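Q: curious how this folds, go ahead:
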Amino acid sequence: MSRLARTFALLTALVAVLAGCAGVNAGAAPQTLKWGFNLPTSWDPVTSSTGNDINTISLVYASLTQLDEKGTAGPGLAESWEYEAGGTAVTFALRPGLTFTDGTPVDAEAVRQSLLRGKTQENSLLKDQLSTITDATVVDPTHVRLQLAAPDYQIPNLLAGKTGAIVSPKAFTENAAAIPTAPVGAGPFMFESFVPESEAVLVKNPGYWNADAIDVERLELTAGTDPTSVIAAVQSGALDVATITGRQVEQAKAAGLEVDVVDSFTVTQVDVHAGLAPLTDRRVVDALKYAVDRQAIIDVTNGGVGNVTYQPFPQGYVAYNPELDQAFAYDPGKARALLAEAGYAPGSLDLTVTVNSVSQATAELVQQQLQAVGVNATIKVVPPGSSTWQQEVYLGRKAQFALDGTVGRESPVQNLTVVYGPQGLMNTSKESSPEFLAALDEVRRTPLDDPRYPAVLQNAVKLGVEMSPSFSLGTSPRIAVRNPRVSALPHFLSQYRWEGVTVAAPGSRA
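A: Numbers count the residues shown, from 1 in each chain. Predicted coordinates for the structure are as follows:
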């Protein structure tokens, strides 16, 4: 065979090999991830009613900004932003060339209409959050200017979650009532199918601004997984990723599964209504704070996963104030002394502990701790359903002592307002000190990159904790069990995120 013939033969063989490889890749199954989690209360950010919905709403929507691993606001749909002097207006520079999944442009006019819809739609649950924005105007196709009611440098944080999730104006103009079950956004995924109360199947959105970081091509979201069978579901391959409790961690590891413990904004909390006797006496309120053994609650109810905290923020976050590390530390002797000082002999004070059915075990432990200092505690279980809880605790304000929790907010000021503000849902007493409110205003007036910002923010946290009859118990990290073929989940305080997550073939490891 001549040299030319041999060369031709080698080239022919190489072309055949490459063609075969191309055929294998073309026919390869997409990276599919099966996630067991809650479906959102609504796929429309304007009508979504719980903070937990950000985990699923962010699958289909992109927000104007985005929080990094430490909870700091960074670019999202907007590449950057710039405040005008005095902090009463901010202009966001949008990424050029982006589109919603319906093909319409993500431009300044779309952002303007989406934000104003959140302010004005009759059934919008974002009105309070967006009240600081008085108007939105188009500067040019890639720049939108937000006029503010007062100086507020928290806007980049505020718009990193549901509040800043941008919905296609074409979709809500044509049929706003369809958005809760047929979302149209510009997020990392888009709907393929949806069965209410059951499942949603989503596929990767190639037009997402950060699509290169998304390796999962198909995400199957399944609701209603029984907590007692979730580990078996992941082990069998029915699910790839699901949420478990701290008490299930060892069981999951023994089953050969991987576990990710991810710090989060979620903090368990006791809502104390100081307007209901006998909690009108601050000595009684403080006695309750000293009577609760926070570490025991974490150990017994969550397998020791989580940290004791006396403030509604996790350690390592910019709002966390280390001066509060021992505020109201467990001291049953001090609790008894305060109750005696308030005129209550052991067994003479009665209290009702309100709890939802999911947290009944926690309530029983708290009941024992209160009885140990001489308080007769009766447990009242509220049936599942956010509306029931709201009527009993948030709106009806009937609960003396409610075991609750905050999932946090993208803006620490927003979270402080919810927990301690005069109209905050979790502030059932509806009272806030002038000093705390002034401190919150100072936080709003302080730019996020000002060296003073951490100290100013932490001062507001300290004043809120010391002022409020309500009190924090402990952090609640997100605990995910996953099949070994799924790579480790990224650690973001604010929510589940899927950047960089890969799914290997069945029987393989990521």
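
Q: every contact and neighbour count from this point should use C-alpha atoms.
A: Fine.

Q: got the domain boundaries for this structure?
A: 36-178, 267-475 (automatic domain parsing).

Q: and the gap between Pro451 and Asp68?
A: 19 Å (C-alpha to C-alpha, to the nearest Å).

Q: of the two, give the one with the bigger neighbour count.
A: Using other C-alpha atoms under 10 Å, the more surrounded residue of Pro451 and Asp68 is Asp68, with 15 against 10.

Q: low-confidence ranges, this structure, go.
A: Counting by pLDDT under 70, the chain contains low-confidence ranges at 1-28, 385-386.

Q: tell me which residues are up against the one helix or strand Thr362 maps to.
A: If you go by DSSP states H and E, Thr362 is part of helix 360-372. By C-alpha atoms under 8 Å, 6 or more residues apart in numbering, the list of residues contacting helix 360-372 from outside reads 288, 291-293, 297, 301, 332, 347, 353-355, 376-379, 381, 403.

Q: repeat that with 7 Å
A: Contact with helix 360-372 is made by Ala291, Val292, Ile297, Thr301, Val353, Val355, Ala377, Ile379, as judged by C-alpha atoms under 7 Å, 6 or more residues apart in numbering.

Q: repeat for stretch 134-146
A: Contacts of stretch 134-146 (C-alpha under 7 Å, 6+ apart): 89-96, 107-109, 112, 133, 147-149.

Q: SS state for Glu79?
A: Following DSSP: H, G, I helix; E, B strand; the rest coil, the label given to Glu79 is strand.

Q: from Asp140, how far off is it?
A: 15 Å.

Q: okay, these two: which has more neighbours?
A: Glu79 (15 against 12).

Q: just list the residues touching the more buried one, thanks.
A: Ala93, Leu94, Arg95.

Q: how does it look with 8 Å?
A: Contacts of Glu79 (C-alpha under 8 Å, 6+ apart): Phe92, Ala93, Leu94, Arg95.

Q: from those, which is closest to Asp441?
A: Nearest to Asp441 among the contacts of Glu79, counting by C-alpha to C-alpha, is Phe92 at 22.8 Å.

Q: buried ones in stretch 60-74?
A: 60-67, 69, 71-74 (16 or more other C-alpha atoms under 10 Å).

Q: next, give me the two most distant ones among these.
A: Among these, Val60 and Thr72 lie farthest apart (C-alpha to C-alpha), at 21.7 Å.

Q: now distance to Thr101 too, for the contacts of Glu79, in JSON lines please.
A: As requested, the contacts of Glu79 are exported to JSON lines (distance: C-alpha to C-alpha, whole Å):
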{"residue": "Phe92", "distance to Thr101": "22"}
{"residue": "Ala93", "distance to Thr101": "21"}
{"residue": "Leu94", "distance to Thr101": "17"}
{"residue": "Arg95", "distance to Thr101": "16"}
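
Q: out of those, which sit inside strands?
A: In strands, judged by DSSP state E, the following of the contacts of Glu79 are found: Phe92, Ala93, Leu94.

Q: how near is the first one to Ser357?
A: With distances defined as C-alpha to C-alpha, the gap from Phe92 to Ser357 amounts to 44 Å.

Q: between these two, who's got more neighbours?
A: Higher neighbour count among Phe92 and Ser357: Phe92, with 24 against 14, using other C-alpha under 10 Å.

Q: I figured the more buried one hits Leu77, correct?
A: No - if you go by C-alpha atoms under 8 Å, Phe92 and Leu77 don't touch, sitting 9.3 Å apart.

Q: and the spatially closest residue to Asn459 that is not a sequence neighbour, what does it touch?
A: Leaving aside its sequence neighbours, Asn459 sits nearest to Ala439 (C-alpha to C-alpha, 6 or more residues apart in numbering; 7.1 Å). Contacts for Ala439 (C-alpha under 8 Å, 6+ apart) come out as Val456, Leu457, Asn459, Ala460, Leu463.

Q: any idea whether the second one is helix, strand or coil?
A: Of the three states, Leu457 takes helix under three-state DSSP.

Q: residues in contact with it?
A: Val318, Ala319, Ala439, Leu440, Val443.

Q: redo that, cut-off 7 Å
A: By C-alpha under 7 Å, 6+ apart, the neighbours of Leu457 are Ala319, Val443.

Q: distance check, it against Val503.
A: 40 Å.

Q: which one of the ones in strands among the contacts of Glu79 sits closest to Gly396?
A: Distances from Gly396 to these, taken by C-alpha to C-alpha, are shortest for Phe92, at 39.8 Å.

Q: the closest one contacts Tyr83, correct?
A: No - contact criterion C-alpha atoms under 7 Å: Phe92 and Tyr83 do not qualify, at 8.9 Å.

Q: so who does Val203 touch?
A: With C-alpha under 7 Å, 6+ apart, Val203 has these contacts: Phe189, Met190, Phe191, Glu192, Glu217, Arg218, Leu219.

Q: and of the residues you listed, the nearest to Gly396?
A: Closest to Gly396, out of all of the contacts of Val203 and judged by C-alpha to C-alpha, is Phe191, at 37.5 Å.

Q: surely the closest one touches Glu199?
A: No - the criterion here is C-alpha under 7 Å, and Phe191 misses it with Glu199 at 11.1 Å.

Q: narrow the contacts of stretch 134-146 to those that are buried.
A: Looks like these have 89-96, 107-109, 112, 133, 147-148 buried, using 16+ other C-alpha under 10 Å.

Q: out of these, what pair is the most spread apart?
A: Pro96 and Leu148 (24.8 Å).

Q: can you show me the strands along the stretch 51-200 of the chain?
A: Assigned by DSSP state E, counting those that start in this stretch, the strands in the stretch 51-200 of the chain fall at 65-67, 73-75, 78-83, 89-94, 133-140, 143-148, 189-195, 199-204.

Q: centre of the chain to the longest one, how far?
A: In this case it means strand 133-140. 27 Å (C-alpha atoms, centre = their mean, to the nearest Å).

Q: now it: buried residues?
A: Applying 16+ other C-alpha under 10 Å to strand 133-140 flags Ile133, Asp135, Ala136, Thr137, Val138 as buried.

Q: next, count neighbours for the nearest residue to the third one once chain neighbours are set aside.
A: On the basis of C-alpha to C-alpha, 6+ apart, the spatially nearest residue to Ala136 that is not a chain neighbour turns out to be Leu146, at 4.6 Å. Using other C-alpha under 10 Å, Leu146 has 21 other residues around it.

Q: start the count at 8 instead of 1 going forward.
A: Sure thing, new numbering starts at 8, so read that last one as Leu153.

Q: how much space separates Leu153 from Ala334?
A: For Leu153 relative to Ala334 (C-alpha to C-alpha), the value is 40 Å.

Q: any idea how many residues pack against Tyr215?
A: Counted with other C-alpha under 10 Å, Tyr215 comes out at 24.

Q: please report how far it lies from Val67.
A: 10 Å.

Q: what touches both of those two?
A: With C-alpha under 7 Å, 6+ apart, Tyr215 and Val67 have common neighbours Ala193, Gly194, Pro195.
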